[in-house]
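S.K.: Predicted model and sequence follow; I will ask about them next.
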Amino acid sequence: MKLKLSLFTLILSVFFISCKKNSNDTPTIDDLALLKQKVLGNWITTGAIIEYYDASEKLANTVDQSGTSEQTWEYFDNNSVNSYDNRGKRTYTYSFSKLNNVNYISITNNPTETYNINIENNKMTWSVEGPYKNDPAYATAKQIFYFSRK
């Protein structure tokens, strides 16, 4: 009986451990049409930061670029998006792609800018990361934009 109970406990433990979700997983949407449906409508930019990393990939500096001007975005089903801020209205096109289980949004802005996109609970973030050559103290930089549904 002890052997059966021990075996049952072992199997149950393996089941729970194997089903545990990794907390570092970024939620992705497999269907890009569904991603588009989640983006459609109005969004407000609520923040923007740049994180600077040194050569050991340690966060070295964070700069808040949120500013004081409010920017809103209006996404349409025809893949156009209007941006409104103190400079007026600007119109762009957008598209989605997916690579290695990561969702991307591309905004045609001469040149086209592509960001990792995440949407969860009426909050959206765009991020882009790459080498940083303007200051030798930093190896890479990551720019992050935060949005809330209007």
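M.R.: Sure, I can see it. Residues are numbered from 1 along each chain as shown.
S.K.: from here on, contacts and neighbour counts on C-alpha atoms
M.R.: Will do.
S.K.: Check what pLDDT the residue nearest to I144 when sequence neighbours are not counted gets.
M.R.: Distances taken as Cα to Cα, 6 or more residues apart in numbering put S127 closest to I144, at 4.3 Å, once the chain neighbours are dropped. S127 is assigned a predicted lDDT (pLDDT) of 97.
S.K.: which parts of the host helix or strand of S127 are buried?
M.R.: Under DSSP states H and E, the secondary-structure element containing S127 is strand 123-131. Judged by neighbour count (16 or more other Cα atoms under 10 Å), strand 123-131 contains these buried residues: M124, T125, W126, S127, V128.
S.K.: And the strands in the protein, which stretches?
M.R.: For the chain, strands defined by DSSP state E occupy the ranges 41-53, 59-64, 72-75, 80-85, 88-99, 102-108, 112-120, 123-131, 140-149.
S.K.: Name every strand pairing with the fourth one and say which way it goes.
M.R.: What that stands for is strand 80-85. Strands that pair with strand 80-85, judged by DSSP bridges, come out as strand 72-75 (antiparallel), strand 88-99 (antiparallel).
S.K.: Of all the ones you listed, which one is nearest S106?
M.R.: With Cα to Cα as the measure, strand 88-99 is the member of the strands paired with strand 80-85 nearest S106 (5.3 Å).
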